[in-house]
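[1] Task: produce atomic coordinates for the following.
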Amino acid sequence: MKRSLDICISLAILVLFLPFGLILALFISLESRGGVFYFQERVGIHGKGFRLIKFRSMRSNADKGSQITIGNRDPRITKSGYLIRRFKLDEFPQFINVLKGDMSIVGPRPEVPFYVAMYTEEQRKILSVKPGITDYASIAYFHENELLAQAEDPQKTYIEEIMPAKIALNERYIAHPGILQDLKIMALTAKKIIGF
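    Modelled structure (predicted):
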């Protein structure tokens, strides 16, 4: 049931988003050198790696220094990238990941291997389900970049405060699986993006 819902919703969103996605791709390619898409290694179900797809919102090779972004002061983000990130438009290509079976629409957001290596054995239980485009943590930390921008040491703040809090929310999600919970998270995410 969950997989069928993932496929149907993903196909519908990708078809509806296609014209706007083509315009977005044009803006990205005209503004800075590099591909339209950004691929990053993430950790999926049972610790298996996969390539997550996003619209590129940063300059090419910008992730070589740090794997977290720090709000409006991060010079690596392009001008169009700020708009893309503000409305989470960079996330739309991940519906391709959903169709491929790497992800679900709802599930714990997949982390990069660097941070997963820091998980305790207990925290690794969130890898028992397929990662998702959105979850309770995505809603609670919708403005995560701005929080990190205010931190004296963004990396330390992420590792010691934000990451454990996100994992706790993901543990809450996997403790009560179900389609109704998924639909609730989808609705809360849409509400958050639209801003009402």
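[2] quick one, strands of this structure?
    Applying DSSP state E to the chain gives strands spanning 37-43, 49-55, 104-106, 132-134.
[3] Determine which of these approaches Gly195 most closely.
    Comparing these against Gly195 with Cβ to Cβ, the closest turns out to be strand 132-134 (15.6 Å). In this view, the C-beta of every residue, glycine as well, is placed from N, C-alpha and C.
[4] And stretch 40-57, what's buried?
    42-45, 50, 52-57 (16 or more other Cβ atoms under 10 Å).
[5] For it, what is the distance to the chain centroid?
    9 Å (Cα atoms, centre = their mean, to the nearest Å).
[6] just the CA coordinates of it, formatted as PDB?
    Listed in PDB are the C-alpha atoms of stretch 40-57, where the atom choice follows Å, rounded to 0.1, in the frame of the first residue of the first chain:
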ATOM      1  CA  GLN A  40      25.100  13.300  -3.000                       C
ATOM      2  CA  GLU A  41      25.800  10.000  -1.300                       C
ATOM      3  CA  ARG A  42      23.300   9.300   1.400                       C
ATOM      4  CA  VAL A  43      22.700   6.300   3.700                       C
ATOM      5  CA  GLY A  44      19.400   4.400   3.000                       C
ATOM      6  CA  ILE A  45      17.600   1.500   4.500                       C
ATOM      7  CA  HIS A  46      19.800  -1.100   6.300                       C
ATOM      8  CA  GLY A  47      22.800   1.200   5.900                       C
ATOM      9  CA  LYS A  48      22.900   0.800   2.100                       C
ATOM     10  CA  GLY A  49      24.200   3.900   0.200                       C
ATOM     11  CA  PHE A  50      22.400   5.600  -2.700                       C
ATOM     12  CA  ARG A  51      22.700   8.800  -4.700                       C
ATOM     13  CA  LEU A  52      20.200  11.400  -3.700                       C
ATOM     14  CA  ILE A  53      19.100  13.800  -6.400                       C
ATOM     15  CA  LYS A  54      18.500  17.500  -5.900                       C
ATOM     16  CA  PHE A  55      18.300  20.600  -8.000                       C
ATOM     17  CA  ARG A  56      21.700  22.300  -7.700                       C
ATOM     18  CA  SER A  57      21.500  25.400  -5.400                       C
END
